Every structure is written in C-alpha cells, then in structure tokens.
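Colleague: I'll drop the sequence and a predicted model, then ask my questions.
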Amino acid sequence: MRTFYSRLLFVFAVLYAVMLAALGVVLGQLFPIVFAQRLQVEREDLYIFYIVLFVVLGLFYLVSLWVASRVLTRYIKPFDDISTTALQLADGDYTARVFEDDLTGITTLSHSLNVLARNLQEMSQQRESEQERLKTLIETMGSGLIVLGRSGTISIMNKTFGQLFGLQFKEVRSKNYQDIGLPKDLESFAYQLLMTETPTRKQLRLNTAKGFRYTECYGAPVIGEYGKWLGMVIVIHDITELKHLEKVRQDFVANVSHELKTPVTSIKGFTETLLYGAYQKEETLLEFLEIIKLESDRLQLLIDDLLDLSKMEQQEFEMRKTAVSVQTLFERALQITRQSAEAKEIHPLIEGDDSLLVKGDENRLLQIVVNLVSNAITYSSPGTAITLRSDKYQQYGILIIQDEGIGMGPEELPRIFERFYRVDKARSRNSGGTGLGLAIVKHLVEAHNGKIEVESEVGKGTTFKVYIPLVTS
C-alpha cells in the first residue's frame, strides 16, 4: 500500500517535471526569436544550445527533486509513519513503534503514540496471561464444566467433562447441548436452567463413560457487563466415592448396633431370668453365669477391636519397628491358636526360610498372623491342612497362610476387608468372631508400608500373602 509520503513525492516529481518541461519548451522557442539575431548565432549552433538547456534543466530537476525528498522526509514522512503505526495498532499489532525525532517538531505526538502502544501491549500480554491461567484452571479442574450460550450452544467444555461423557470439545463446539448425546437427566437439568435463569443445585445419577456415577450438578447464569445475560455454566462434581463412604458409614453403624445388641440382649435376658428365681438352682445358675461370661467376653472383644481400628485410623498411631523373625511369629501364633486347632484336629505346618527377618512392630505383626490363622481354622473342616510359609520377593518378606477351607467366590474377594463382612455368617458368629479381623489386618499391613493379597477358590481353600519390608543393613 502506497503511503501519503510516497504519493506526495510522486505528485511533486510529476508536476515539477511538467513545469520544467514547459519552461524548456518556452525557452527553446523564445531564444531563437529574441536572442539569436542579436548575437548573430547560426541556426546550426542552436542545437548546442538545446542540448545545454536540456542538461541544465535535467540537473536542476534532479537537484530540486533531491531537496524536495529531503524536506518531505524530514517533515512529512513522520506523519506518514504515525498514521501507519496507528493502523497497525488498530489491527492488533501492539509491537509497532514510531521513531521519535526532536527535529520534526512532533516529538510529543510520537512519544504519546509510543506510550499508548506500550500500554496496549502490556494490557494485551496481561489479558493473554489471564486467559491462559483461566484455561489452565478450567482444564485441570477435577469437576466437569460446560458453558452454554443463550440458545444452548456449547462455548466452553473442559477435559473432565469430556472424559466423563466420552466427548471431544472440537467435535461438539457450537453444537446444541441436546444434539451431543448427554444423559436425559442432565439435558433436563440444563433445560430447566435455560428456562428459569436461576442458580440450581441437584444430585443426579448419570450414565457416563465410566458407568453409572453419582453426581452433584450446579448451574448458574453467566452475567456480562451491564447485567446482560450471556448463557449458563454447569459444574458437575463426581460424588460416587462420597456416596460409597456414606453407605459404608451407615452399614458400619448398623452392624455395630447389631453386634452390640446381640450380647447385651443375652446378658440382660439371662440376668433377668436369674433375678426371677432361677438362681435358686445351682446347676442353672452356673450355666447362666457361664453364658453371661461368654457374652461379656464377646462384647469386650468387639469393643477392643473397635478401639484398635479407631487408633489405627488416627494419624498419631505409631509402632515400634524392629527386626522381627518370621519363624518366631509363626511359632507364637500357633501357640496362641493351638487350642482351637486341636479342637478340629488340625496340625498347622511351618515351611520356608527360618532366618527371614522383616522390619515391623512384633506385637502388631503377631496380631496379623494370629488373625489370619484363626480365620483359617474357623473356615476349615476338621482334619484339613493349614500351612504357614515364608518367602522373599524383591524388598519384601512374604508371610503366607494357606488353608483348605470353604474358600470364597470371586464376587466376595473385593469385600472381605470391609468391616463386619462375613463369608459364612453363621459359622463366624458361632465361633465368636466380630467381623473386624481382616479390616484390622489390612490397616496393620498398610501401617507397615506393606500390602496384602488373597487367592481363593470355593471348596479348595484360601491363601493370604502378606508383604512386609525386609530388614535393610
């Protein structure tokens, strides 16, 4: 695009050339008439005059054009640069600048335009930075977010929302929310928001790409300048885990109430019976007192287990970790459970490396092994085998407890570490179990920075593998 400076210089050059050409024609016509006869110049010599006249006028034209160019460059071109820079700024190029020259007399204007350009550049950079931070914030949100225009078209959607419903923003951008396959309940929620234009919060169970999820949906209008309504924003929080924890809490309260109610009811019933006269018969008295003692022991065991779990879940729960012999743990555990094993004619075997040492709290590790061995005895038939074996794997020592009991199906394995969960409820209740043993085992194993695995098959038995860090030199 030709600038004002170049156009003005072109016009000056053309006009000046025309003027000099006209002057040359006039002089070329007048000289022979006015001066040639007086000076007695031959007509043939006039050609020399014409050549000299052409050269002189040409040189004068070039010198004048150079002078005019310098003058225009000094006083006209700065205005042209200012105009060009202003157009660049208007087009969004905030890096454009004007050369500031005191000799032109427009330094103030040039400086002001440069200050404006710098301010615009800073504002643009700040806006880009804020937009980038906002984009990063939206994309890294753990909750799904979608922004709808006034007509329901999608203008913004973050990655979490896309992953939740299997969508790509580039594929759904500018489409209506009703045309992208969202769950019907979510479509109804969005429709209600667009119709009422009021903030709304609602819990929905939605069929997502991850299966059915419990969500809390919050929608609110997007208000622009001067209170103009621009659309709606919807934020979706996945509360499936919270729902699961709430159910676990409810189940825990119900189970604790039930487990406490059973021995308390027995103690109360037999005590009332004794008070109503049964104490007069010595045989009945002793029998009822024995039952009351068993129920009291059962109640105490339950309370102790609950207190253990409570301590383990507190951050201040500490253990004294030392080098512990796995062989010694197995032998002590078998001594503690010998009576119940002999009652079923079960004779557990110890195999593996008798020099294996692990790092942990000896009493807590013993509690782990005793719980697992007691479970193995409880769920095993008389005369079957139970094996306690030690092994190594990388930086872990492995404590393996294997039985030939009733086993478990694959649908039960994910739940066996839940509080109060029982595979064979009748047998475990009759044996006096609280249903908290495996939950305690898992907490203790994790407190040792270890892990526990279980393999089982119905009718063939169960194998627990406890991984505890080895003693490092």
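Modeller: Yes, it's here.
Colleague: Just the local confidence number for the closest residue to residue 180 other than its chain neighbours, please.
Modeller: Spatial nearest neighbour of residue 180, excluding adjacent residues (CB to CB, 6 or more residues apart in numbering): residue 172 at 4.7 Å. Just so you know, the C-beta spots here come from the backbone N, C-alpha and C atoms, and that holds for glycine as well. We have a pLDDT of 86 for residue 172.
Colleague: pretty sure residue 172 is in contact with residue 156, am I right?
Modeller: No. Contact criterion CB atoms under 8 Å: residue 172 and residue 156 do not qualify, at 10.9 Å.
Colleague: re the thing from before, gap between the residue nearest to residue 180 and residue 442?
Modeller: Distance from residue 172 to residue 442, counting by CB to CB, to the nearest Å: 43 Å.
Colleague: helices and strands of this protein: which one bottoms out on pLDDT?
Modeller: Ranking every helix and strand in the chain by mean pLDDT, DSSP states H and E puts helix 425-430 at the bottom, with a mean of 48.
Colleague: Now the element after it, going C-ward?
Modeller: From helix 425-430 onward toward the C-terminus, using DSSP states H and E, the following helix or strand is helix 437-447.
Colleague: roughly how far apart are residue 300 and residue 465?
Modeller: Residue 300 is 31 Å from residue 465, by CB to CB.
Colleague: burial count for the nearest residue to residue 322 once chain neighbours are set aside?
Modeller: Spatial nearest neighbour of residue 322, excluding adjacent residues (CB to CB, 6+ apart): residue 362 at 6.6 Å. Other residues within reach of residue 362, judged by other CB atoms under 10 Å, total 18.
Colleague: now do residue 391
Modeller: When neighbours are counted by other CB under 10 Å, residue 391 comes out with 16.
Colleague: Give me the nearest residue to it, chain neighbours excluded.
Modeller: Here the residue nearest residue 391, using CB to CB, 6+ apart, is residue 398, at 4.3 Å.
Colleague: which outside residues touch the host helix or strand of the one you found?
Modeller: Counting by DSSP H and E, the element that carries residue 398 is strand 396-403. Strand 396-403 is contacted by residues 326, 329-330, 352, 356-358, 368-369, 372-373, 376-377, 379-380, 384-392, 450, 461-470 when judged by CB atoms under 8 Å, 6 or more residues apart in numbering.
Colleague: and if we set it to 7 Å?
Modeller: Identification of contacts with strand 396-403 by CB atoms under 7 Å, 6 or more residues apart in numbering yields 326, 356, 358, 369, 372-373, 376, 379-380, 384, 386-392, 450, 461-470.
Colleague: where exactly do the strands run in the stretch 251-400 of the chain?
Modeller: Secondary structure of the stretch 251-400 of the chain (DSSP state E, counting those that start in this stretch): strands at 322-325, 349-352, 357-360, 386-393, 396-403.
Colleague: can you pull the pLDDT of the nearest residue to residue 455 once chain neighbours are set aside?
Modeller: Spatial nearest neighbour of residue 455, chain neighbours left out: residue 463 (4.7 Å); criterion: CB to CB, 6+ apart. pLDDT recorded at residue 463 is 91.
Colleague: again with residue 403
Modeller: Value for residue 403, per-residue pLDDT: 90.
Colleague: Neighbours of it, how many?
Modeller: So residue 403, with other CB under 10 Å, has 27 neighbours.
Colleague: Return the set of residues that bridge with it.
Modeller: residue 386 (DSSP bridges).
Colleague: picking up where we left off before, who's the residue nearest to residue 391 bridged to?
Modeller: residue 391, residue 467.
Colleague: State the distance from it to residue 283.
Modeller: 52 Å.
Colleague: Kindly report the same for residue 291.
Modeller: Residue 291 is 13 Å from residue 283, by CB to CB.
Colleague: and the two? which has more neighbours close in?
Modeller: residue 291 (14 against 7).
Colleague: Let me see the confidence value for the closest residue to the more buried one other than its chain neighbours.
Modeller: Nearest non-adjacent residue to residue 291, counting by CB to CB, 6+ apart: residue 270, 5.6 Å away. Here, the pLDDT recorded for residue 270 equals 80.
Colleague: In this structure residue 270 contacts residue 288, no?
Modeller: Yes. If you go by CB atoms under 7 Å, residue 270 and residue 288 touch, sitting 4.5 Å apart.
Colleague: got the strands of the stretch 251-400 of the chain as TSV, with distance to residue 181 columns?
Modeller: Shown next, in TSV, are the strands of the stretch 251-400 of the chain (distance: least, CB to CB, whole Å):
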stretch	distance to residue 181
strand 322-325	57
strand 349-352	57
strand 357-360	53
strand 386-393	47
strand 396-403	47
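Colleague: of the ones you listed, which approaches residue 132 most closely?
Modeller: strand 396-403 (45.4 Å; CB to CB).
Colleague: Between strand 386-393 and that closest one, find me the angle.
Modeller: Relative orientation of strand 396-403 and strand 386-393, computed by axes from the mean of the first three to the mean of the last three CA atoms, to 10 degrees: 160 degrees.
Colleague: tell me which residues in strand 396-403 are buried?
Modeller: Neighbour counts over strand 396-403 (16 or more other CB atoms under 10 Å) mark 396-403 as buried.
Colleague: Can you tell me which of those residues is closest to residue 306?
Modeller: Among these, and counting by CB to CB, the member closest to residue 306 is residue 401, at 24.1 Å.
Colleague: what's the longest helix in the chain?
Modeller: Longest helix in the chain by number of residues (criterion: DSSP state H): helix 240-275.
Colleague: how distant is that one from the center of its chain?
Modeller: Relative to its chain's centre, helix 240-275 lies at 39 Å (CA atoms, centre = their mean, to the nearest Å).
Colleague: And for stretch 184-191?
Modeller: 25 Å.
Colleague: One more: stretch 180-197?
Modeller: For stretch 180-197, the distance to the chain centre is 25 Å (CA atoms, centre = their mean).
Colleague: Show residues contacting that stretch.
Modeller: Residues contacting stretch 180-197 (CB under 7 Å, 6+ apart): 148, 152, 165, 167, 172, 177-178, 200, 202, 204, 206-207, 217, 219, 221, 229, 232, 234.
Colleague: Quick check: helices, which of those residues are part of them?
Modeller: Checked against DSSP H, the contacts of stretch 180-197 include these in helices: 165, 172.
Colleague: And the contacts of stretch 180-197, which of them are buried?
Modeller: Looks like these have 148, 152, 165, 167, 172, 177, 206, 217, 219, 221, 232, 234 buried, using 16+ other CB under 10 Å.
Colleague: Would you format those residues as JSON lines with distance to residue 344 included?
Modeller: Listed next are those as JSON lines, based on distance: CB to CB, whole Å:
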{"residue": "148", "distance to residue 344": "67"}
{"residue": "152", "distance to residue 344": "69"}
{"residue": "165", "distance to residue 344": "55"}
{"residue": "167", "distance to residue 344": "59"}
{"residue": "172", "distance to residue 344": "64"}
{"residue": "177", "distance to residue 344": "65"}
{"residue": "206", "distance to residue 344": "51"}
{"residue": "217", "distance to residue 344": "56"}
{"residue": "219", "distance to residue 344": "62"}
{"residue": "221", "distance to residue 344": "70"}
{"residue": "232", "distance to residue 344": "67"}
{"residue": "234", "distance to residue 344": "61"}
